[in-house]
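Asks: Just a sequence and a predicted model for now, questions to come.
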Amino acid sequence: MDYSVYKFTKKELGIQILLYTILDGVVSYLFYRSFYAFILFSPGVLWFLKERRKTFQRKRTSEFQSQFLAGMKCVSTALSAGYAIENAFEESLKEITKIYGKESMIFAEFSNIAAQIKLNRPVEQLVGDLAERTGIEDIISFAQVFKVSKRTGGDMQAIIRNTVGAITQKQETQLEIGTCLASKKMEQNIMSAVPFFILIYVSVASPGFLDVLYHNEMGAAVMSICLGVYVAAWFLGRKIVNIEV
């Protein structure tokens, strides 16, 4: 499995297309009251799917990184119990099953590594292949350190423990930043919805008040400018609260 590329399932794809259709309909009605606007904005579903794919990919990357670190800690524990590195991966599956279950990504990957080791494939090569498929910088760095240590006969237990500890510390920093920004992200989401609620409120409370802005060139121009400012503000707000370590 190539973890660097996210592919929607049929169910996920259908849900995302439905979400964009609803969003397209709401924007077209509130800003233009026109079916032609709905058709005009429909190609935007390609951009929407691309952005949603990135979101799903980030979530899967974060989840896999956490599972990988936990899995390597299990391998380190097996090494401390006297197992060789080639057998430690198979032994770690017992703890991984308790933590994540047999349906988890890390169980599937470590099971594959254990099976390939039995076919006399070098463990460092298997770890390197997994790292390349994840596309995660920290795991790729770990695989490089693991490869050098295995070939030079280093203390695998200490190396795994120290490297995993460093990656875990970075992950904890990311978590702390995410916690600090959680309220700001919520505020951004609320503020992003405010313009829509204002238009809905005015349309319900004062029917006909906004009619002058619809079905004429000047009104369409004004609403297009407002929509453009809103979209620009949304992009800016998202960029501000999206901090990576």
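Replies: Sure, I can see it. Numbering: from 1, shown residues only.

Asks: in the protein, which ranges drop under the pLDDT threshold?
Replies: Within the chain, the stretches with pLDDT under 70 are 243-245.

Asks: how much space between the residue most central in space within it and residue 176?
Replies: Among the residues of the chain, the one closest to the centroid is residue 58, at 1.6 Å (CA atoms, centre = their mean). In this view, residue 58 and residue 176 are 18 Å apart by CB to CB, to the nearest Å. (C-beta placed from N, C-alpha, C; glycine too.)

Asks: before we move on, back to that, can you point out the buried residues in the helix or strand hosting the residue nearest to the centre of the chain?
Replies: Assigned by DSSP states H and E, residue 58 belongs to helix 44-80. Neighbour-count burial for helix 44-80, with 16 or more other CB atoms under 10 Å as criterion, is recorded at 45, 48-49, 52-53, 57, 61, 64-65, 67-79.

Asks: Next: stretch 191-207.
Replies: Neighbour-count burial for stretch 191-207 flags 195, 199, 203 (criterion: 16+ other CB under 10 Å).

Asks: Turn the residues you listed into TSV, columns for secondary structure.
Replies: Shown next, in TSV, are those (DSSP: H, G, I helix; E, B strand; the rest coil):
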residue	secondary structure
195	helix
199	helix
203	helix
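
Asks: Just give me the closest of these to residue 160.
Replies: Nearest to residue 160 among the buried residues of stretch 191-207: residue 195, at 51.3 Å, using CB to CB.

Asks: Contacts only, for that closest one.
Replies: By CB atoms under 8 Å, 6 or more residues apart in numbering, the contact list for residue 195 reads 226, 230.

Asks: Roughly how far does it sit from residue 113?
Replies: The spacing between residue 195 and residue 113, counted by CB to CB, is 51 Å.

Asks: Please apply the same query to residue 203.
Replies: Between residue 203 and residue 113 the distance is 59 Å, computed by CB to CB.

Asks: now residue 59
Replies: Using CB to CB, residue 59 is found at 24 Å from residue 113.

Asks: Does the residue nearest to residue 128 when sequence neighbours are not counted lie in a helix or a strand, and which?
Replies: Nearest residue to residue 128, sequence neighbours excluded (CB to CB, 6 or more residues apart in numbering): residue 143, at 4.6 Å. Per DSSP H and E, residue 143 falls inside helix 137-152.

Asks: Report the buried residues of that helix.
Replies: The neighbour-count check on helix 137-152 (16+ other CB under 10 Å) flags 138, 139, 142, 143, 146, 147, 149, 150 as buried.

Asks: show me what contacts the closest residue to residue 92 other than its chain neighbours?
Replies: Nearest residue to residue 92 in three dimensions, chain neighbours excluded: residue 74, at 3.7 Å (CB to CB, 6+ apart). Residues near residue 74 by CB under 8 Å, 6+ apart: 91, 92, 95, 96, 99.

Asks: redo that, cut-off 10 Å
Replies: Residue 74 makes contact with 88, 89, 91, 92, 93, 94, 95, 96, 98, 99, 106, 110, according to CB atoms under 10 Å, 6 or more residues apart in numbering.

Asks: Same question for residue 24.
Replies: By CB under 10 Å, 6+ apart, residue 24 lies in contact with 37, 38, 39, 40, 41, 42, 44, 45, 48.
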